[in-house]
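**Student:** how would this look folded up:
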Amino acid sequence: MYDEDLANLEDCLRRLKTEYHIFFAGNRKTPPDDLRLRVEKMVKRLSECSDLSFSQRFRFNTLITRYYVYRDLWRRTQAEKEMGRDAGTEAAPARDTTPHHGRTAQDKIRISISDPKAEEEKVRALYDALLRVKGSGENETPLSYAQFAKYIATQTRNIQTKHNCTAVAFSIAIEDDAIRFTASADSR
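**Tutor:** Okay, here's the model as predicted:
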């Protein structure tokens, strides 16, 4: 029922990524706001659908997580590009020149979870983010979602008991060319 909508969202997301690449390369004068707004409307409409099947919900969560990562990257890159113009210099296409091993806070993903069973979308988004950051290793067997969800539930319960808190913040970051996955009491 929603498979066509998800395919359209995936296609629009791919086109939007290409349009932003063209914009940041300097071959387009304005950002593709019209296409971005259309993607956001599709995301909003699909997020309000309560009758998605489990596989459709998984696909949607994967697409929306990818969109949010791209959107944050585009926002930062556009801000850097605009700051370059404000400084009186000719704005060159903004590129991430930070070496992979030197990245820290800008690549950090943080998700707060209080009840993993009730907040399965957050657990799924955290799992997708971890797989994306980890990449696909040739000889590695990926951790299954069921194993990951069980681990998150155990960690959440243990940290909530130990620190007497209501939520646990899970963070994924790249530091010194290694993935750092941490869990701590959420102080919010």
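**Student:** all contacts plus neighbour counts: C-alpha atoms, from now on.
**Tutor:** Noted.
**Student:** So which residues of this protein form strands?
**Tutor:** Along the chain, counting by DSSP state E, strands occupy 109-113, 168-175, 178-185.
**Student:** domains in this protein, as residue ranges please.
**Tutor:** 3-86, 100-185 (automatic domain parsing).
**Student:** By mean pLDDT, show me the worst of these.
**Tutor:** Ranked by mean pLDDT, these bottom out at domain 100-185, with a mean of 79.
**Student:** Quick one: distance of stretch 54-73 to the chain centre.
**Tutor:** Averaging C-alpha positions (Cα atoms, centre = their mean, to the nearest Å) puts stretch 54-73 7 Å from its chain's average.
**Student:** got a list of contacts for that stretch?
**Tutor:** 2-3, 6, 9-10, 13, 17, 43, 46, 121, 124-125, 128-129 (Cα atoms under 8 Å, 6 or more residues apart in numbering).
**Student:** Which among those count as buried?
**Tutor:** Among the contacts of stretch 54-73, the ones that count as buried by 16 or more other Cα atoms under 10 Å are Leu6, Leu9, Glu10, Leu13, Lys17, Val43, Leu46, Arg124, Ala125, Asp128, Ala129.
**Student:** Widest-spaced pair of those residues?
**Tutor:** For the buried ones among the contacts of stretch 54-73, the maximum inter-member distance is 22.9 Å, found between Lys17 and Arg124 (Cα to Cα).
**Student:** Can you point out the buried residues in the lengthiest helix in the chain?
**Tutor:** If you go by DSSP state H, the chain has its longest helix at helix 54-86. Neighbour-count burial for helix 54-86, counted by 16+ other Cα under 10 Å, picks out 57-67, 70-71, 74, 77-78, 80-81, 84.
**Student:** same deal with stretch 168-186?
**Tutor:** Here stretch 168-186 shows Val168, Ala169, Phe170, Ser171, Ile172, Ala173, Ile174, Glu175, Ala183, Ser184, Ala185, Asp186 as buried, counting by 16+ other Cα under 10 Å.
**Student:** can I get these in CSV with distance to Thr154?
**Tutor:** As requested, those are arranged in CSV below (distance: Cα to Cα, whole Å):
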residue, distance to Thr154
Val168, 11
Ala169, 14
Phe170, 13
Ser171, 16
Ile172, 18
Ala173, 21
Ile174, 24
Glu175, 25
Ala183, 11
Ser184, 13
Ala185, 14
Asp186, 16
